[in-house]
Structure formats: structure tokens, C-alpha cells
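Asks: have a look; sequence and predicted model below, questions after that.
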Amino acid sequence: MRLEYFQLIDRIVDLNLADRRISSEATVPTTSKIFEGHFPGYPLMPGVLLIETMAQTGGWLVVAVNRFKRMPFLAAVKEVKLRTFVTPGQHLSIDAHLEHDGSGYAIVEAKIRSERKLICDATLTLRVFDFPNAEMAKQMRETAALIGLTVEAPADG
Amino acid sequence: MSSTFDTIANIIAETCDIPRDSIKPESHAINDLGIDSLDFLDIAFAIDKAFGIKLPLEQWTQEVNDGKATTDQYFVLKNLSARIDELVAAKGA
């Protein structure tokens, strides 16, 4: 994880397109500017970044389902529960399931666990658009390769 | 068995906290009921689940943007009900 850059997924560990499920891993950094403010003397991973971590994992699933042709953007967060504190250095396992693949939107259920303990969960609505430009599509493919997301992209995409 | 319109109206009432008796077949989801695009995604999700279909929202939006259709054709509830009935029939064909 590089919190300041919103790079919250270290690696994709499983992708099952038939079941529309994905699993990722991430380790909270031991140091970060963010911990200087959240909170002074008691560093905690901000809940909004846990939500973003779930959104990114679910987002990669949507990207994979759409074979890198479309890009999801977080639109709504529902039924979110932040169940326990997350501290620097903690290892996280994130699972997401594509509950519904709608026309221009997707509904994703996501959970984060640490050492099998449920940390947080949420239902996320993602708007799904064509990539706004070629540069973003290229960057997403490069990032996907770095975190181990391998899905055959269309030759024309 | 409730009609398609009744199912839609109940979904809208529950999803958007709009009084059920103010939702009429002639109501325009956007212009009359004030439903915005994000709330309409919740409605679309509930409709997709209830009817086992996939509302072609992107196609409809494109048609409206291209001037090939009016929002009335898709977002006046009696018309939306008819579109849903068509999609359900096509699914079963």
C-alpha cells in the first residue's frame, strides 16, 4: 500500500470470472504522512481508505469482467461496517463479489479480513464507463500487470 | 399478482422515500418525482432483480442524447412498465 498515492492493493491473489469473485492482499505501511494526522500518537488506517481498498478490489473485478474495456468509478457506499481498528503493518485480505452487472453500473459486495477476522464490509455501487482516454486505459493495464491481474485484453482495446 | 407498474411504484416509494400514492402511471421519474441518476441506479438494480432483466440504461441514455428518443419514452412510468414487459417477454421467448 502507498496510501498517499491511493495505491491500496498490493497484489491480486485470485480471480474467478465464472463466479465473479476476486481476492487481493495488502499490507498497511508502517509509516505514512497520513498517520501523523490520523491520529497523532495513535496511528490508525482511516476508515475511508478501507472503503477505498474494498472499492479498488471490486473495481479490478469489474475491469476484469469487462476485459479492460471499461472503467468503474465509485458512486455509492452502503451498508458499510467498520468493525475494528486497523493499525500500521497489518496484513489485509480483501474479497469482492460482483453482485450485479447492470447497464452502466455494478453492485459489489466486499469484505476485508485480517488473520481471518472480519475487519469491515460494504455494498458498493460503481458507475461503469468507457475509459475517458487512452492514457488512463494504458495506466490501468500497467498497474494491473504490477499487481498480478492477468486477463486477456481484447486486441482492439 | 401485482402489475408491473405497481411493482415499479413500490420500488420507487421504498428506494426514494416517496409517498406511494403520489406515484402515478403518468409520473415522469425525473421531472415529476425528482429522482436523480444515482437514485435511479438503485431503482434499476431493484427492477433488474425483481424482473430478472437488465434495463438497457446506457442504450436509452444514448438514444435520448442522440435525439432519437425522448425521456418520456423511458421514464414516464407507464412507458417504463411497457419497456419492462417487453424485456421480460423477450427473455422468455
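Replies: Good, I have the coordinates.
Asks: what are the neighbouring residues in contact with the residue at minimal distance from the centre of chain B?
Replies: Nearest to the mean C-alpha position of chain B, counting by Cα atoms, centre = their mean, stands B:L80 at 4.6 Å. By Cβ atoms under 8 Å, 6 or more residues apart in numbering or on different chains, the residues touching B:L80 are B:I8, B:A29, B:Y74. Backbone N, C-alpha and C define where each C-beta goes, glycine included.
Asks: same question, B:D85
Replies: B:T4.
Asks: contacts for the helix or strand hosting B:I12, please.
Replies: According to DSSP states H and E, B:I12 maps onto helix B:4-16. The contact list for helix B:4-16 (Cβ under 8 Å, 6+ apart) reads B:2, B:18-20, B:23, B:25, B:29, B:33, B:35, B:39, B:42-43, B:46-47, B:50-51, B:77-78, B:80-81, B:84-85.
Asks: let me know the secondary structure of the residue nearest to the spatial centre of chain A.
Replies: Taking Cα atoms, centre = their mean, the centroid of chain A lies closest to A:Q56, which sits 2.0 Å from it. Each residue gets one of three states, and A:Q56 gets helix by DSSP: H, G, I helix; E, B strand; the rest coil.
Asks: give me the distance between it and chain B.
Replies: As defined by Cβ to the nearest Cβ, to the nearest Å, A:Q56 lies at a distance of 20 Å from chain B.
Asks: and A:F6, how many neighbours does it have?
Replies: Residues within reach of A:F6, counting by other Cβ atoms under 10 Å in any protein chain shown, total 11.
Asks: ugh, wrong one, A:L44
Replies: 14.
Asks: just checking, A:S24 touches A:L15?
Replies: No: taking Cβ atoms under 8 Å as the definition, A:S24 is not a contact partner of A:L15, at 9.3 Å.
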